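S.K.: Can you look at this prediction? I've put the sequence above it.
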Amino acid sequence: MGRLILNSTETIERPDLAGNESVENESWMVIVYNNEFNTYEEVVMILLVATHCTLEEAEIETWEIDHLGKSNVHFADKEECETVARIIRQIGIEVEVKAE
């Protein structure tokens, strides 16, 4: 556990979040998997629409999908990740939502 020392004489203990399952389970991610059907342009466009990322980020994630087989394209709470995944699935690409 780390310590934060302020200008005053008071020391505040920083909580150790590593063992707190309720905090860990609040962070979710969307994983997009490669297929042989969708074009680069289709994947870039759906990532832009679904995640509101920059063009550069969408292009990098699309490269990862193509060359590495998958990419973690979005991180948020479960509800937002499910919404993003639903949008991406519309073009027929495999998507997974799971806890980080």
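M.R.: Cool, got the structure.
S.K.: Report how many residues lie close to residue 87.
M.R.: For residue 87, the neighbour count with other Cβ atoms under 10 Å is 15. Every C-beta, even on glycine, is put in place using the N, C-alpha and C of the backbone.
S.K.: before we move on, what about the one 10 residues further on?
M.R.: The burial count assigned to residue 97 is 19, neighbours taken as other Cβ under 10 Å.
S.K.: What residues are bridge-paired with it?
M.R.: Here residue 97 sits in beta bridges with residue 30, going by DSSP bridges.
S.K.: Now for it: which residues touch it?
M.R.: Counting by Cβ atoms under 8 Å, 6 or more residues apart in numbering, residue 97 makes contact with 28, 29, 30, 31, 78, 81, 82, 85.
S.K.: Tell me how confident the model is about the longest helix along the chain, as a mean pLDDT.
M.R.: Using DSSP state H, we find that the single longest helix of the chain is helix 55-68. The average pLDDT for helix 55-68 rounds to 98.
S.K.: now the chain, which segments are flagged as low pLDDT?
M.R.: Residue ranges of the chain with pLDDT under 70: 1-25.
S.K.: Helices along that one, start to end?
M.R.: Here the chain has its helices, by DSSP H, at 21-24, 40-51, 55-68, 78-89.
S.K.: Rebuild the contacts of residue 97 as CSV, extending it with neighbour count and distance to residue 50.
M.R.: What follows is the contacts of residue 97, written out as CSV (neighbours: other Cβ atoms under 10 Å; distance: Cβ to Cβ, whole Å):
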residue, neighbour count, distance to residue 50
28, 20, 14
29, 17, 13
30, 25, 8
31, 17, 13
78, 14, 16
81, 25, 10
82, 14, 11
85, 21, 8
